[in-house]
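**Student:** output the structure for:
(chains A and B)
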There are 2 protein chains.
Amino acid sequence: MPKFKCTVAYDGTYFSGYQVQPDKRTVQREIEAALTRMHKGEEIRIIASGRTDAGVHARAQVFHFESSLNIPPQNWCRALNTLLPDDINITRVEHVHDTFHARFNVKKKVYRYRILNSDRRDMFRRLYTYYLSAPLDIKKMKAACPYFEGTHDFTSFCASNTSVVDKVRTIYKLDISPDHDELIIQVAGSGFLYQMVRIMTGALIDVGAGKIKPEEIEQILSKKDRRLAPKTAPAHGLTMWQVVY
Amino acid sequence: MPKFKCTVAYDGTYFSGYQVQPDKRTVQREIEAALTRMHKGEEIRIIASGRTDAGVHARAQVFHFESSLNIPPQNWCRALNTLLPDDINITRVEHVHDTFHARFNVKKKVYRYRILNSDRRDMFRRLYTYYLSAPLDIKKMKAACPYFEGTHDFTSFCASNTSVVDKVRTIYKLDISPDHDELIIQVAGSGFLYQMVRIMTGALIDVGAGKIKPEEIEQILSKKDRRLAPKTAPAHGLTMWQVVY
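**Tutor:** Here you go, the predicted model:
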C-alpha cells in the first residue's frame, strides 16, 4: 500500500500532548480521525517521529501512514487540512518508499525553547514563550552549552517516571542566541529522553541566573541523579522544530 | 471616591468582544467580576475608551473605575491580575483626578493591523495575523494612505448596522510598514466608527492586490456609500494599540 510522509505543525496549547489517550484531545487522535473520515470509516493509524508532551508545540513534527486512496501528494495537504482543526496544520505530504519509518529512521531531531526575557510581558507571545523578567546572563549560558554536547548518560536530565532503560543520548549542537527580547535555545540531537530538553533548559536558566556555574553541568551529568538537576522548564516554551531522516 | 485609570492588554481570541453581553464571555465582564470580588461583592463598573469587537485584541486598552479601597496604585496590578484569566493582563494602574473620563477624554487612538503576507502560514501567529499568500504591492498601498488622512465623512467605511449619526472622523496618520514577512498597518485617529479600521484595511488589501487603484479611495469616500468599499478584513488581525489622553 502507498506510504506517505507528512510534516505537521501544531499549537500544543489545547492538546493533552501528541499521543492518543482515552477521552483526551490529542494531536494523534485529531489526525487519525481526519484520515479515517477521508477513508470513509476505515481506521487509519499514524506513526510519528516521537511524542510531544501536553502543551509542547511543533513546527515540523513528522509522521507516516499508509493509504490505498489514489490522491496525488500535493492534494493531500488541502484535503487533510479541511478536516483538521485550526491548531493543526499539515504543511507537507510526500510519497515515500515502504521501508520509511517516521520513528525508527530519525537521524536528528531539533527542538527550540523560547524565553521572553524582558521587564514586560507580551500578551501575544504568552502561549509560545516562557516569561522571565530577571535578566539572564547569556555569556554564562553559552559557556554551559559545550558540557551538554557529545554522547552522555542523561539520567540526571530525564524525568524519573520513565521506563526507558538506556539513557545514553548524543547531542550534536546546543546553542543559545538572543532575538530581540527573547533568548532562543536550540538543541539538535540523536534523540531525547522524557522531558530532557525542558530539564536542560531549566539548568541553563539557572546558569543564566547565576544559581549554578556553567562547569557544574559536567558534575550534574556525571552523577546520573535526576534530583541534582534544576526544575523542568514549562512545556509551552518548547517547540519541536525539525526532524531529519 | 478615588478614581483609577487602568491600561489593559487582552487576547481577543476567546472573547465575544469587550462589552458586556448576556451569557457571553467578554473582557468587561471578566474585569468587573475581578473588581467586584476585590470589593467583597460590591458591584464595580468600569468605563473604557471604547469597545472592541469579538476577536479584536488590545495591547493597551484604557478604562477607569472608582474605588474606596485603600490600595497603592502599584499594588492594584498584581491584585487584579491574580483574579483575572490568562488572556487579560492589567499593565498599569494610575490614580487620576476625578474629572478623568476614559471615553470622553480620548485625544487619539491608535490601531494596528497585522497581515502575514508569505507563501507559508505560521501556526504560532495565526491568532494575531491575517494570512494572505498572494503578494501585496506595498508601494501601491502606501500611495493609498494619504487619501484616508485628514477629516472625512467615513460613511463608506463604516458597518451599515450602526446607530451613530455623525460619521465625520479625523485620521491623523495612516502608515504601512513591512516587518519581516508581515505588513503592519498603523492608523491613528480622533476616533473610529464601527468596523472602520477593518474596512479600511480591506480596501488597502484590495489596493495591494491590484483590484482597485490607490486614487479610487478618494471616490469611495466621497460617495458615502458602504456598498462601494471592499469587504471587512477579519477581526483577529486587529489590535487596539494605544489610547492617548
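
**Student:** where do the helices sit along chain A?
**Tutor:** In chain A, the helices defined using DSSP state H lie at A:27-38, A:73-83, A:138-148, A:196-208, A:216-223.

**Student:** and chain A, which of its residues are near chain B?
**Tutor:** Those residues of chain A that sit near chain B, judged by CB under 8 Å from any CB of the partner chain, are A:9-11, A:57, A:59, A:86-87, A:89, A:91, A:120-121, A:123-124, A:126, A:128, A:239. (Each C-beta comes from the backbone N, C-alpha and C, glycine too.)

**Student:** contacts only, for the residue nearest the centre of chain A.
**Tutor:** By CA atoms, centre = their mean, the mean C-alpha position of chain A lies nearest to residue A:240, the distance being 3.1 Å. Residue A:240 is in contact with A:52, A:56-61, A:109-111, counting by CB atoms under 8 Å, 6 or more residues apart in numbering or on different chains.

**Student:** how much space separates it from residue A:199?
**Tutor:** Computed as CB to CB, to the nearest Å, the residue A:240 to residue A:199 distance reads 16 Å.

**Student:** avg pLDDT for stretch A:116-131?
**Tutor:** Model confidence over stretch A:116-131, given as mean pLDDT, is 94.

**Student:** that one: end-to-end distance?
**Tutor:** End-to-end distance for stretch A:116-131, by CA to CA, to the nearest Å: 5 Å.

**Student:** would you mind pulling the contact partners of it?
**Tutor:** With CB under 8 Å, 6+ apart as the criterion, stretch A:116-131 contacts A:11, A:13, A:57, A:113-115, A:132-133, A:135-136, A:181-183, A:233-234, A:236-237, A:239, B:9-11, B:57, B:59, B:86-87, B:89, B:91, B:124, B:127-128, B:239.

**Student:** next one: stretch A:198-218
**Tutor:** Counting by CB under 8 Å, 6+ apart, the neighbours of stretch A:198-218 from elsewhere in the structure are A:113, A:115, A:132, A:134, A:136-138, A:140-141, A:143-145, A:147-148, A:157-159, A:174, A:176, A:183, A:185, A:187, A:220, A:226, A:229-235, A:237-238.

**Student:** quick revisit: show the buried residues in the contacts of stretch A:116-131.
**Tutor:** Members of these that pass the buried threshold by neighbour count (16 or more other CB atoms under 10 Å in any protein chain shown) are listed as A:11, A:13, A:57, A:113-115, A:132, A:136, A:182-183, A:233, A:236-237, A:239, B:9-11, B:57, B:59, B:87, B:89, B:91, B:124, B:127-128, B:239.

**Student:** tell me where the model's unsure across chain A.
**Tutor:** Of all residues in chain A, none has pLDDT under 70.

**Student:** quick one, domains of it?
**Tutor:** A:3-96, A:108-244 (automatic domain parsing).

**Student:** start to end distance for the first one?
**Tutor:** Across domain A:3-96, the terminal residues are separated by 6 Å (CA to CA).

**Student:** swap in the longest one?
**Tutor:** Here the two ends of domain A:108-244 are set 5 Å apart, with distance taken as CA to CA.

**Student:** just how off-centre is it within its chain?
**Tutor:** With CA atoms, centre = their mean, to the nearest Å as the basis, the distance from the averaged C-alpha position of domain A:108-244 to the chain average is 12 Å.

**Student:** which helices and strands does the longest strand seen in chain A pack with?
**Tutor:** Among the segments of chain A that qualify as a strand by DSSP state E, the longest is strand A:168-179. Other helices and strands packing on strand A:168-179, by 3 or more CB pairs under 8 Å, 6 or more residues apart in numbering or on different chains; DSSP states H and E, are helix A:138-148, strand A:150-153, strand A:182-189, helix A:196-208.

**Student:** list the buried residues of it.
**Tutor:** If you call a residue buried by 16+ other CB under 10 Å, then strand A:168-179 has these buried ones: A:169, A:171, A:174, A:176.

**Student:** tell me what the last one is bridged to.
**Tutor:** What it means is residue A:176. With DSSP bridges applied, the residues forming beta bridges to residue A:176 are residue A:185.

**Student:** residue A:160 - how many residues pack around it?
**Tutor:** When counting by other CB atoms under 10 Å in any protein chain shown, one arrives at 10 neighbours for residue A:160.

**Student:** OK, contacts around it?
**Tutor:** Residue A:160 makes contact with residue A:226, according to CB under 8 Å, 6+ apart.

**Student:** same check, this time on residue A:231
**Tutor:** Shown here is residue A:231, whose contacts under the criterion CB under 8 Å, 6+ apart are A:199, A:202.

**Student:** relative to residue B:45, how far out is it?
**Tutor:** Using CB to CB, one gets 42 Å for the distance from residue A:231 to residue B:45.

**Student:** and what of residue A:188?
**Tutor:** According to CB to CB, residue A:188 stands 54 Å off from residue B:45.

**Student:** then residue A:205?
**Tutor:** Spatial separation of residue A:205 from residue B:45 under the definition CB to CB is 42 Å.

**Student:** which one of the two has more residues nearby?
**Tutor:** Neighbours around residue A:205 and residue B:45, counted as other CB under 10 Å, are more numerous at residue A:205. The numbers are 24 against 12.

**Student:** and stretch A:192-212, what's buried?
**Tutor:** A:192-209, A:212.

**Student:** just stretch A:151-168 next, same as before
**Tutor:** Neighbour count says stretch A:151-168 has A:152, A:154-158, A:167 buried, by 16+ other CB under 10 Å.

**Student:** which of these sit farthest apart?
**Tutor:** Comparing all pairs in these by CB to CB, the longest separation belongs to A:152 and A:158, at 11.2 Å.

**Student:** of the helices of chain A, which stretch is the most buried?
**Tutor:** For the helices of chain A, average neighbour numbers computed from mean count of other CB atoms under 10 Å in any protein chain shown are highest in helix A:196-208, which has a mean of 25.

**Student:** tell me the angle of that one relative to helix A:138-148?
**Tutor:** Here helix A:196-208 runs at an angle of 140 degrees relative to helix A:138-148 (axes from the mean of the first three to the mean of the last three CA atoms, to 10 degrees).

**Student:** angle of helix A:196-208 against strand A:182-189?
**Tutor:** When the same axes, to 10 degrees is applied, the directions of helix A:196-208 and strand A:182-189 differ by 130 degrees.

**Student:** gap between residue A:223 and chain B?
**Tutor:** 37 Å (CB to the nearest CB, to the nearest Å).

**Student:** wait, doesn't that residue sit right on residue A:156?
**Tutor:** Yes: counting by CB atoms under 8 Å, residue A:223 sits close enough to residue A:156 to count as a contact (6.1 Å).

**Student:** tell me the bridge partners for the residue nearest to the centre of chain A.
**Tutor:** Using DSSP bridges, the beta-bridge partners of residue A:240 come out as residue A:58, residue A:111.
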